[in-house]
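Novice: give the three-dimensional model of this entry:
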Amino acid sequence: MTIRMRPRAGMVGVAAVAVTATVLTGPARADTAGGVSGHQATRAAIEAAVAAGVPGVTAEARDAEGVWKTAAGVGNLKTGEPRGKNDRFRVGHLTSTFVATVLLQMEAEKKLSLDDSVERHLPGLVSGNGNDGRAITVRQLLNHTSGLPDYFADSDYVATYVLGEGYLQHRYETMPHGKRVEVALAHPPVFAPGARHGFSNTNDVLAAMVVEKAGGRAYEDEVRKRIIEPLGLKATSTPGTGTQLPQPSGRGYSKLFFDTKPDRIDDVTEVNGSQLWGNTDIISSAGDLNRFYGALLRGKLLPAQQLKEMKTTVVNPDFPISSYGLGLERLTLGCGTSIWYRDGGTVGWLSLAALTDDGRHQLTFNYNGDWRADEILSILSAEYCGTSSRTR
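Specialist: As a prediction, the model looks like this:
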């Protein structure tokens, strides 16, 4: 069984993508000297992902013994430069946990209620084709029970901004924040609000818009003032309309699904951050993400009531071993260990952060390629069960 990666930028049916050529595999990096012992199975699972075709992996674990860092494979396929243990990368949908945290802080401050209608904060925006912001709550945006269509389900949008030559031609364009919502609302709802869980990227963009309306300033400013600065996350940033990654970082690679060359791999490191705004745009490192998620689950960022709300989950019918909270997901591994996690992707990158309920055992890792998601569960099982899921 593998973690179901939802349809995301650069990943169409990614869980079914075939194995890539192992000629892309680069030399493995040694673990941090003096690091934590007991992560041999995790290291082996990471090396297996690289052997299966992932260009490179960077990872950090934290537990009672301290901090363990490792990297494997390459950060640059052209030069062969190895992947770095402190690389910065686009975190993809882990961005949603930052947004949910800000909204829950705002609820604690009485600036909004998660049971407010979307219409109250974004009047007139969610309407047309049966979509109705009056019937959808902020909470339903965060736990993806709104029923709103996903803009990634729009074939014209995908052809223009996600796949093949369309992506390469348009990736430097500045995109208005509302464009993706407009694309989505050209389609009818997938189901009635509250009927079930169904992931939609549109929810994430709308949630960031609510942050701006309730806070009266840019969502990026709210994230920086409320999370990045208080936690001292020096490697975490929001790109705005910038296209580059801060250093140190590797390159990001994608299979853009060219019809005649399905295994073609392109360097997609550069992209205008506005195309990812509020949804998948945050840039960070494994170390910073561990600090963020650890502080979150240890109650350093939210009052007890809001943390309880974040951890209140709904059934995910598309991935039965997982349930969905507010910017967090709950997963029970094959060995019986339950963890909180958030997985996320964007063109060129796959990331996952996971931790135990008390926030004291954490693992974050990133692929600088957007395929081989089927290796992810093996890495999680290695860290939290002490064995690869391959052997179960």
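Novice: show residues contacting stretch 245-253.
Specialist: With contact meaning CB atoms under 8 Å, 6 or more residues apart in numbering, stretch 245-253 is reached by 55-56, 58, 74-78, 81, 83-84, 86-90, 235, 237, 265-269, 283, 347-349, 368-370. For glycine as for every other residue, the C-beta is placed from the backbone atoms N, C-alpha and C.
Novice: what is the distance between it and the centre of its chain?
Specialist: Distance of stretch 245-253 from its chain centroid, counting by CA atoms, centre = their mean, to the nearest Å, is 17 Å.
Novice: then stretch 89-108?
Specialist: 10 Å.
Novice: assign residue 208 to helix, strand or coil.
Specialist: Judged by DSSP: H, G, I helix; E, B strand; the rest coil, the three-state class of residue 208 is helix.
Novice: what's the per-residue pLDDT of it here?
Specialist: Residue 208 is assigned 98 on the pLDDT scale.
Novice: I'd say it and residue 281 touch.
Specialist: No: Residue 208 lies out of contact with residue 281 (CB atoms under 8 Å); the separation is 9.1 Å.
Novice: residue 275 - nearest residue in space that isn't next to it in sequence?
Specialist: Closest residue in space to residue 275, ignoring its immediate chain neighbours: residue 175 at 4.7 Å, by CB to CB, 6 or more residues apart in numbering.
Novice: low pLDDT regions in the chain?
Specialist: Applying pLDDT under 70 to the chain picks out residues 1-37, 387-392.
Novice: how about the helices in the stretch 251-392 of the chain?
Specialist: 286-297, 304-310, 376-385 (DSSP state H, counting those that start in this stretch).
Novice: so which of the ones you listed is nearest residue 182?
Specialist: helix 304-310 (29.2 Å; CB to CB).
Novice: show me what the closest one is packed up against.
Specialist: Helix 304-310 sits against helix 95-108, helix 286-297, with contacts defined as 3 or more CB pairs under 8 Å, 6 or more residues apart in numbering; DSSP states H and E.
Novice: which other helices and strands does the helix or strand that contains residue 69 contact?
Specialist: Element membership for residue 69, per DSSP states H and E: strand 66-73. If contacts are counted by 3+ CB pairs under 8 Å, 6+ apart, strand 66-73 sits against helix 40-51, strand 56-63, helix 286-297.
Novice: ok, the closest residue in space to residue 187 that isn't next to it in sequence to residue 309 distance?
Specialist: Distances taken as CB to CB, 6+ apart place residue 149 nearest to residue 187, at 4.1 Å, with adjacent residues excluded. Using CB to CB, to the nearest Å, residue 149 is found at 26 Å from residue 309.
Novice: looking at these two, which one has more neighbours?
Specialist: residue 149 (23 against 20; other CB atoms under 10 Å).
Novice: thinking residue 132 is in contact with residue 124, fair?
Specialist: No: Residue 132 is beyond contact range of residue 124, at 11.1 Å (criterion: CB under 8 Å).
Novice: who has more neighbours, the two?
Specialist: A count of neighbours by other CB under 10 Å puts residue 132 above the other of residue 132 and residue 124, at 18 against 7.
Novice: distance check, that one against residue 182.
Specialist: For residue 132 relative to residue 182 (CB to CB), the value is 16 Å.
Novice: hmm, who's touching stretch 330-340?
Specialist: Contacts for stretch 330-340 (CB under 8 Å, 6+ apart): 1, 3, 293, 297, 311, 313, 321-325, 328-329, 341, 354-357, 377, 380-381, 384-387, 389, 392.
Novice: buried residues, that stretch. List them.
Specialist: 330, 331, 333, 337, 339, 340 (16 or more other CB atoms under 10 Å).
Novice: could you redo these as CSV and give each row distance to residue 40?
Specialist: Shown next, in CSV, are the buried residues of stretch 330-340 (distance: CB to CB, whole Å):
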residue, distance to residue 40
330, 27
331, 23
333, 18
337, 18
339, 20
340, 24
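Novice: which one of the residues you listed is nearest to residue 38?
Specialist: Nearest to residue 38 among the buried residues of stretch 330-340, with distances taken as CB to CB, is residue 337, at 14.9 Å.
Novice: would you list the phi and psi of that closest one?
Specialist: phi -70, psi 130 (degrees, to the nearest 10).
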